[in-house]
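Q: build me a model from this:
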Amino acid sequence: MSDSGMTEDEVRRKAESILGLYGINPKIAMSGVGQITTMKQLGFVGEDASLKPDGWYLPNDRGAVALVLETKAQDLMPIDSPTLRAQVEKYCATIRSRYDLVVGLSYDGDHTRAYVNGKPLDVPDELQPKGFYFGRLTNRPIDKDRIYELTMRINNSLHSDFGIKNLYHRMIFTACALVARRHDAILVRGMDYSEFHNGILNALNKAIKSDVQKNAKLQLLADVYSEIKMNVSTDDENPLAVARLTGLIGDFIDWITEISGLINSNAWNGEDVMAIFFNEFNRYKKKSESGQIFTPDHITGFMYRLVGADKDDRILDACAGSGSFLVKAMSNMIREAGGMDTTKAKQIKSKQLYGIEFDREIYALACANMLIHKDGKTNLAHMDTRTETASEWIKKTGATKVLMNPPYENKFGCMKIVENVLDSVNRGTRCAFILPDKKLEKASKKQMSRILQNNRLLKVVKLPENLFFGVGVTTSIFIFESGRAQDGKKFFAVNIAEDGLITVKNKGRHDVHNRWPALEDYWVDAIERNDDSEYGTGQWLDPADHLSWQAPMKPFALTEEDLARTAMDYVMFKRGIDARALKEQLGRIATYSATVANNGDTVVLEISK
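A: Numbering: from 1, shown residues only. Coordinates of the predicted model:
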């Protein structure tokens, strides 16, 4: 039965009932319908703040999806009227100053049209409960290609337009802007530089306020942000310069807003946003100034499985970098616990993730990374992992699993870090370290003897040669069990020659053909069973002989050609003939003076006198 005879008030009341806009707990969202409430009264500013929507759902969590409604009686305006769509999009544009994702709906009692960030959203003609529209946005896969595209624009703008030359400063500035977006910063086009810069800083301080008492070092994030200098002109007497700067700031805000919306997805699987930033911002450099090598996303998840981690573990990364291991562990553990809204998820965030980072700016990145993913409570320490202070801190964590990719250079104390961590965790803790293939064998005999007297090397997993794109170092995963002596026990080693990823121009290595999931399942099972039957790379090695996977020796083979070549070399040596000069001369003659005759199975070079 058609509802085409309904008045606009009746359409609005029907929409309120179907969408579920009444009776909402104000601690969750501000929700309602009517024609007297302005956008300004709902907390928005701007030229369209005087508009009065027919319905709204504005969650207190700025990372959640907001909704705005415009209703019309069918006899007043067609549902596909450009005027009606323009009205809805004005609402959406205003609300997007505070929310990353906004669903705009138009409804006439029979028909529904939906828009997201200015684009139509394919939805049923019949109006659905609001959760349906939220799910359409939050269940979308992470669009990494779009994030890369936006990050490239941000990188170019920060470097060229805003004069931020330092790699980490560009990363930190971008990360802080994302944190601000996720924590109620009001960033809108038309802001001047002071409003823009202070808006981010104020949101940062608000984001860390509740947690700074538990972790005073979080304040370092705001401090580092404040130190970043942008080379911009704020000369108010030059209207062209002001307009250009305002436009650049507006572009940056638009890009940040879109990225924030893209990563706000229930389909998020622990993808490290910082890794994407680093890959783009750092793509012309072989490695960072601080010896940092950011762990590829698929390897963080692989190592989580290799050590048998689960939702009840306490995960430690004592060289946390940007926090990639902690972000992946958090994602996996929360999924195992049943989702973000469970009590267990809150416990995981507050009591089960621990990290140490020595570099001040990288530490700020790690803090930002966790805050982007709505976790301000992660226990992140700014200290030197080689010290006794760090050892005491690690002991207090009660860590049950360790996942790490420490800096490889000796000047950063790579093996001292490994040893201090192993000595500081409880007996029986599985600890996985990514290190250069021969790192243990090149360490001092005294140090390795000490390590193996107190800990046991269980597995070595050689990783693909080209894993760390553009860095030029080959690595393996070394899995230890702490507190149990090696006692001559052999360890199992395998070689993962390929991970299925391919290099994409300007974007690093990606699993374009989705080959890694099956490979990961195989290798996790093979390494657990100590049996690589498919690829035949498995080895049982004596730590007294080797501390790395050993490439098989090629079988010795002697051919008739080898004998003839050796005999000829000996004859020329006895006669005082320069073999190299002769070969070069014969090569020139064969190339430029000889004619070729093909006699069946024989090729004959004929040279005229």
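Q: please count neighbours and contacts with C-alpha atoms only from this point.
A: Will do.
Q: wait, F44 sits on T94?
A: Yes. F44 is within contact range of T94, at 6.9 Å (criterion: CA atoms under 8 Å).
Q: higher neighbour count, the two?
A: T94 (21 against 18; other CA atoms under 10 Å).
Q: residue contacts, the more buried one?
A: Each residue near T94 by CA atoms under 8 Å, 6 or more residues apart in numbering is listed here: 39, 44-46, 48-49.
Q: out of those, which are buried?
A: 39, 44-45, 49 (16 or more other CA atoms under 10 Å).
Q: greatest separation within the residues you listed: which pair is it?
A: In the buried ones among the contacts of T94, two members sit farther apart than any others by CA to CA. They are M39 and V45, at 7.6 Å.
Q: so where's the stretch 201-350 of the chain shaky on pLDDT?
A: Residue ranges of the stretch 201-350 of the chain with pLDDT under 70: 213-214, 233-237, 264-275, 278-293.
Q: now do the helices in it.
A: 219-227, 239-263, 273-281, 297-306, 324-337, 343-351 (DSSP state H, counting those that start in this stretch).
Q: just name the most buried of the ones you listed.
A: helix 324-337 (a mean of 24; mean count of other CA atoms under 10 Å).
Q: the inter-axis angle of that one versus helix 343-351?
A: Orientation check (axes from the mean of the first three to the mean of the last three CA atoms, to 10 degrees): helix 324-337 against helix 343-351 gives 160 degrees.
Q: can I get the CA coordinates of helix 324-337 in CSV?
A: C-alpha atoms of helix 324-337 as CSV (Å, rounded to 0.1, in the frame of the first residue of the first chain):
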residue,chain,number,x,y,z
SER,A,324,53.0,-2.3,14.4
PHE,A,325,53.3,-5.5,16.5
LEU,A,326,51.1,-4.0,19.3
VAL,A,327,48.5,-2.8,16.8
LYS,A,328,48.3,-6.3,15.1
ALA,A,329,48.2,-8.1,18.4
MET,A,330,45.4,-5.8,19.6
SER,A,331,43.4,-6.4,16.5
ASN,A,332,43.8,-10.2,16.7
MET,A,333,43.1,-10.4,20.5
ILE,A,334,40.0,-8.2,20.3
ARG,A,335,38.6,-10.3,17.4
GLU,A,336,39.2,-13.5,19.4
ALA,A,337,37.5,-11.8,22.4
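Q: now do it: which elements does it pack against?
A: helix 297-306, strand 315-317, helix 343-351, strand 353-356 (3 or more CA pairs under 8 Å, 6 or more residues apart in numbering; DSSP states H and E).
Q: can you lay out the ones you listed as a markdown table showing distance to I577?
A: Converted to a markdown table, the helices and strands packed on helix 324-337 look like this (distance: least, CA to CA, whole Å):
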| stretch | distance to I577 |
| --- | --- |
| helix 297-306 | 56 |
| strand 315-317 | 64 |
| helix 343-351 | 76 |
| strand 353-356 | 66 |
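Q: N495 against K462, yeah?
A: Yes. Applying CA under 8 Å, one finds N495 in contact with K462, separated by 4.6 Å.
Q: joint contacts of the two?
A: Taking CA under 8 Å, 6+ apart as the contact rule, N495 and K462 both touch W549.
Q: from the contacts of T94, pick the one nearest N455.
A: F44 (59.4 Å).
Q: where does the closest one land in three-state SS?
A: F44 falls in the coil class when you classify it by DSSP: H, G, I helix; E, B strand; the rest coil.
Q: contact partners for it?
A: Contacts of F44 by CA under 8 Å, 6+ apart are 94-95, 97.
Q: and it, how far is that from N60?
A: From F44 across to N60, the span is 14 Å (CA to CA, to the nearest Å).
Q: what does F173 give?
A: 25 Å.
Q: more neighbours: the two, which one.
A: F173 (22 against 15).
Q: stretch 175-192 spans what distance, first to last residue?
A: Span of stretch 175-192 from end to end, CA to CA: 20 Å.
Q: buried stuff in stretch 98-118?
A: Quick answer for stretch 98-118 (16+ other CA under 10 Å): 98-118.
Q: out of the residues you listed, which are inside helices?
A: In helices, defined here by DSSP state H, there are no members of those.
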